[in-house]
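In: Any chance you can model this:
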Amino acid sequence: MKLSKKEKKKFEMYVKANMRKGYFAALAFLGNHDDAMEISQKAFIKAFGHFKKFDRSKNFFAWYYTILRNLCLNHIRDNKKKKPLDEIIISKENTEAVNPQTAVENEELKNQLHKALFNLDEEDREILILREFENYSYKQLSELLGIPEGTVMSRLYYARKKLAKELKRYLK
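Out: Numbering: from 1, shown residues only. Just a heads-up that it's a prediction; the model follows:
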């Protein structure tokens, strides 16, 4: 299916508006800059190939996110590796100057959080990162994940409990 110039322009506009969000969503899943770049680009290429099927009355990012999420899960399954989440944690850190002891403590806490997050299954890690690091609302999460808001709240509750349990192991 060939796209008209108008459709190509519209798609280009969507890409520009959602590139950063797509990258950070992939980074949340994969924990690696290079993989996140590659998979988020692959998702846009796949979305471009199916753009004629996209219902323009719907949210583009929610549609794109479904494609991105599936590619990320496939990548994780195919590689079976746990990779660093440093980039997303660093990108969200407060960059104010801190004393050396605080810097060391922050680095240790970041490492413990990284380990705890990657000990969770993908579904728990995904919802926690989207909510806590990317600040998506329950409604946005419901739309992105294609589940009711009540299910979002329930999954978050249990994912937070699992994360707390994991963190206790590292903070002893």
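In: List the residues that contact the residue most central in space within the chain.
Out: Geometric centre of the chain, nearest residue: residue 25, 2.6 Å, by Cα atoms, centre = their mean. By Cβ atoms under 8 Å, 6 or more residues apart in numbering, residue 25 lies in contact with 40, 65, 68, 69, 130, 134. Any C-beta I mention is one placed from the backbone N, CA and C, and that applies to glycine too.
In: now the fifth one, nearest residue through space, not along the chain?
Out: In space, and not counting its chain neighbours, residue 130 is closest to residue 136: 4.8 Å by Cβ to Cβ, 6 or more residues apart in numbering.
In: Surely that neighbour and residue 128 touch.
Out: No. With contacts counted by Cβ atoms under 8 Å, residue 136 stays clear of residue 128, the gap being 10.9 Å.
In: so what are the domain limits for the protein?
Out: According to automatic domain parsing, the chain comprises the domains 5-79, 99-170.
In: what's the weakest-modelled helix or strand in this protein?
Out: One helix or strand of the chain scores below all others by mean pLDDT, DSSP states H and E: helix 86-92, with a mean of 48.
In: buried stuff in the longest helix along the chain?
Out: Counting by DSSP state H, the longest helix found in the chain is helix 5-30. Going by neighbour count (16 or more other Cβ atoms under 10 Å), the buried part of helix 5-30 is 7, 10-11, 14-15, 18, 21-30.
In: How about stretch 153-160?
Out: Under 16+ other Cβ under 10 Å, the buried positions of stretch 153-160 are 155, 156, 159.
In: For the last one, what is the enclosing helix or strand?
Out: Under the criterion of DSSP states H and E, residue 159 resides in helix 149-170.
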